[in-house]
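[1] Here is my input, please return the structure:
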Amino acid sequence: MTPPCRLAHTADLDPAELRGIRALLDHAFDGDCSDEDEDHWLGGVHALIEDGEGLAAHGALVMRRVRHRGRWLRTGYVEGVAVRADVRRTGLGGRVMAELERVIDRAYDLGALSASDEGALLYAARGWRCWPGQVHALSPEGIVRLPDEEGGVYVRPALAGPLDLSGELVFDWRDGDVV
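    Numbers count the residues shown, from 1 in each chain. Next up is the predicted model:
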């Protein structure tokens, strides 16, 4: 039997579930999940799949603001997508993304995420587009370009409709990795 994918807001997760998410992400990213990374996936909606061994897959969707063509778009930003090693390549990542995409498509102007090389394959196969233009952030010192993020940002147009792919994206500021 296929385990269900459950959506829950951070406020509805108990401390043990939050520790389980952190442990999954720590393991999936080889211990490279910082406290700032954790802060990025809190406060939004989580898609969780559990099996007989515990948490098998997770992804979170948090709201951010992204400026495009002079308009600040309400953006569903995907964070913390991970699948436990023993159940990778079984479709769980796609099921998590399907739930998050359903929320993006119905509630946000835009979907966005920053993809690892491995994750990019999943997102591209699901129709996410690699952003071809410049990526910036509205920092405390003003707008700064983030050239290291270019080529790794993926978008999913939702309620905003088509995007100007020759334009730029300006992300709101946050501590740690901005994008």
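
[2] Select the longest helix from this structure.
    The helix spanning the most residues in the chain, taking DSSP state H as the definition, is helix 92-107.

[3] ok, longest strand in this protein?
    If you go by DSSP state E, the chain has its longest strand at strand 54-68.

[4] Off-centre distance for whichever helix or strand comes after that one?
    Where DSSP states H and E defines the elements, the next helix or strand beyond strand 54-68 is strand 71-83. What separates the centre of strand 71-83 from the centre of its chain is 4 Å, taken as CA atoms, centre = their mean, to the nearest Å.

[5] who touches the lowest-mean-pLDDT helix or strand in the chain?
    Of all helical and strand segments in the chain, the minimum by mean pLDDT, DSSP states H and E falls on helix 35-41, at a mean of 82. Residues outside helix 35-41 that contact it (CB atoms under 8 Å, 6 or more residues apart in numbering) are 21-22, 25, 60, 62, 79-80, 174-177. For the C-beta atoms, the positions are set from N, CA and C on the backbone; glycine is no exception.

[6] Buried residues in stretch 148-165, which are they?
    Across stretch 148-165, burial judged by 16 or more other CB atoms under 10 Å covers 149-150, 152-158, 160, 163.

[7] what does that stretch contact?
    Outside stretch 148-165, the residues that reach it (CB under 8 Å, 6+ apart) are 68-69, 71, 73, 76, 101, 104-106, 108-116, 120, 123-124, 127-135, 169, 178-179.

[8] How far off centre is that stretch?
    13 Å.

[9] With that, I have no additional questions.
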